[in-house]
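# below is the sequence, then the predicted model.
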Amino acid sequence: MDRAEKKELVSFLHQTFQDATCVVVTHQTGLTVAEVSDLRGKMREQGARYKVAKNRLARLALDGTKFEGLKPLLEGPTALAWSDDPVAAAKVAVEFADKNKKLTIVGGALGEKTFDATGVEALAKTPSLDESRAKLAGLMQTPAQRVAMTLQAPAGQLARVFNAYAEKGNAA
């Protein structure tokens, strides 16, 4: 990689860190090309990205961003995952690391808040933005359904009472 390519990569990563909401730092030791491709595909499906980057270049890219606290985590065979969704990158990385021991979660950050591996795992367990929206929509619909059922119940009961009187009158 020549100097111009390095400069372009640092610029790309810097802009990425400016725009991202969540960044996860991982160590990958012994992952095959197929495994990395699989991980990248899963990241893309969830709106996240995954990139192997030289630590020195990643540290330069972190300068002036809200993720500067990640610099001490950039040691060894590092790869970075990021997303605009606050939990997407963490969720995919943790799920993949659970199934494949060659990937290790080192830490991460949500905005300016930096986490260790345990914090990233806890973040991954929280519902995603879309899941939260779906739950909220469900909660908002539930009261309306209950009101409709409550209003319909007395009418149904009255109809059954009238029907019972009608059947009693016909029997007599």
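Done, it's in.

# only C-alpha atoms from now on, for both contacts and neighbour counts.
Fine.

# the protein: helices as residue ranges?
Remark: helices assigned in the chain by DSSP state H are 3-19, 33-45, 55-62, 88-99, 117-125, 129-171.

# can you say which of those is nearest to Gly108?
Shortest distance between Gly108 and the helices of the chain, using CA to CA, is found for helix 117-125: 6.1 Å.

# shaky segments in the protein?
Applying pLDDT under 70 to the chain flags residues 128, 139-159, 161-162, 171-172.

# okay, domains of it per the record?
Per automatic domain parsing, the domain ranges recorded for the chain read 3-126, 127-172.

# please produce a markdown table containing these, extended by mean neighbour count.
Listed next are the domains of the chain as a markdown table, based on neighbours: other CA atoms under 10 Å:
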| stretch | mean neighbour count |
| --- | --- |
| domain 3-126 | 18 |
| domain 127-172 | 11 |
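
# circling back to that earlier point, tabulate the helices of the chain (JSON lines), appending distance to Gly107.
Listed next are those as JSON lines, based on distance: least, CA to CA, whole Å:
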{"stretch": "helix 3-19", "distance to Gly107": "15"}
{"stretch": "helix 33-45", "distance to Gly107": "17"}
{"stretch": "helix 55-62", "distance to Gly107": "14"}
{"stretch": "helix 88-99", "distance to Gly107": "10"}
{"stretch": "helix 117-125", "distance to Gly107": "4"}
{"stretch": "helix 129-171", "distance to Gly107": "21"}
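
# nearest to Ala79, out of these?
So among the helices of the chain, helix 55-62 is nearest, using CA to CA, at 8.8 Å.

# for that closest one, name the packing helices and strands.
If you count contacts as 3 or more CA pairs under 8 Å, 6 or more residues apart in numbering; DSSP states H and E, helix 55-62 packs onto helix 3-19.
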